[in-house]
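S.K.: Sequence first, predicted coordinates after that:
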Amino acid sequence: MPKINGNEIRPGNVLEHNGGLWAAVKVDHVKPGKGGAFAQVEMKNLRNGSKLNERFRSADKVERVRLEQKDMQFLYETDGILTFMDTETYDQVELPADILGERRPFLQDGMTIHVEFHYEEALNATLPQKVTCRIVETEPVVKGQTAANSFKPALLDNGLRVLVPPFVGQDEDIIVNTETMEYAERA
């Protein structure tokens, strides 16, 4: 695996550090008045979710890990365990439901997601950037309210609440951005 200098660490990089796999969440490059520059890196453990703040000087070498990404199809959930299937080999992988965090409600039956592997171990899963959802409940359209850039609350079929433009009504399909958890467009 390639080794990189401490000042080359970027958010999203996966590093092997202290015997574990860590994802760089936030990186600040600091140049103190006295002493050498360093990178202050906030990292999250990919196996147990713990966090760590670490300083890396430019002379420090760290192991950068490349994860293999596979598209997998969501099959079902049992007792907080999500089961995914590789669409090419039909192998099944189980991951804890909390790996998706607050984006868990966007996961739909049969949805294809990206699962990241380190050798044979599944470490992370990411949803598609945009997901289609149906509005179950929202306020009716009020005439004259479309002039201002205003939004109204709407309840989605997955139980989440998002803000939608006033022209979107109940029982309509909308596209929601799963990264920002906001309305993107009509479906």
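M.R.: Great, that's in hand. Numbering: from 1, shown residues only.
S.K.: CA atoms for contacts and neighbours, from now on please.
M.R.: Fine.
S.K.: helix, strand or coil for Ile99?
M.R.: Three-state call for Ile99 (DSSP: H, G, I helix; E, B strand; the rest coil): helix.
S.K.: By average pLDDT, which secondary structure element in this protein comes out worst?
M.R.: Lowest mean confidence among the helices and strands of the chain (mean pLDDT, DSSP states H and E): strand 121-126, at a mean of 85.
S.K.: Tell me who's in contact with Lys70.
M.R.: 86, 114-117 (Cα atoms under 8 Å, 6 or more residues apart in numbering).
S.K.: Using JSON lines, lay out these together with secondary structure and distance to Asp98.
M.R.: Shown next, in JSON lines, are the contacts of Lys70 (DSSP: H, G, I helix; E, B strand; the rest coil; distance: Cα to Cα, whole Å):
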{"residue": "Asp86", "secondary structure": "strand", "distance to Asp98": "20"}
{"residue": "His114", "secondary structure": "strand", "distance to Asp98": "16"}
{"residue": "Val115", "secondary structure": "strand", "distance to Asp98": "14"}
{"residue": "Glu116", "secondary structure": "strand", "distance to Asp98": "15"}
{"residue": "Phe117", "secondary structure": "strand", "distance to Asp98": "17"}
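S.K.: Go through the residues you listed and give me the one with the most neighbours.
M.R.: The most crowded member of these is Val115, carrying 22 neighbours; neighbours defined as other Cα atoms under 10 Å.
S.K.: Look up the closest residue to it, ignoring the ones flanking it.
M.R.: For Val115, ignoring the flanking residues on the chain, the nearest one in space by Cα to Cα, 6 or more residues apart in numbering is Ala125 at 4.4 Å.
S.K.: Tell me the spacing between the one you found and Gly33.
M.R.: Ala125 sits 41 Å away from Gly33, going by Cα to Cα, to the nearest Å.
S.K.: Show me which of the two is the more surrounded one.
M.R.: Ranked by neighbour count (other Cα under 10 Å), Ala125 and Gly33 place Ala125 first, with 18 against 7.
S.K.: what sits against the most centrally placed residue in the chain?
M.R.: The structure's the chain has its C-alpha centroid closest to Thr126; by Cα atoms, centre = their mean the separation is 5.1 Å. Applying Cα under 8 Å, 6+ apart to Thr126 gives the contacts 100, 113-115.
S.K.: so which of the residues you listed would you say is closest to Arg186?
M.R.: Closest approach to Arg186 among these (Cα to Cα): Ile113, at 22.0 Å.
S.K.: Low-confidence ranges, this protein, go.
M.R.: Within the chain, the ranges that satisfy pLDDT under 70 run 1, 142-148.
S.K.: Skipping its backbone neighbours, what lies nearest Val14 in space?
M.R.: Using Cα to Cα, 6+ apart and skipping the chain neighbours, the partner closest in space to Val14 is Ala23 (4.4 Å).
S.K.: meant to ask about Tyr183, not that
M.R.: Nearest residue to Tyr183 in three dimensions, chain neighbours excluded: Val176, at 4.7 Å (Cα to Cα, 6+ apart).
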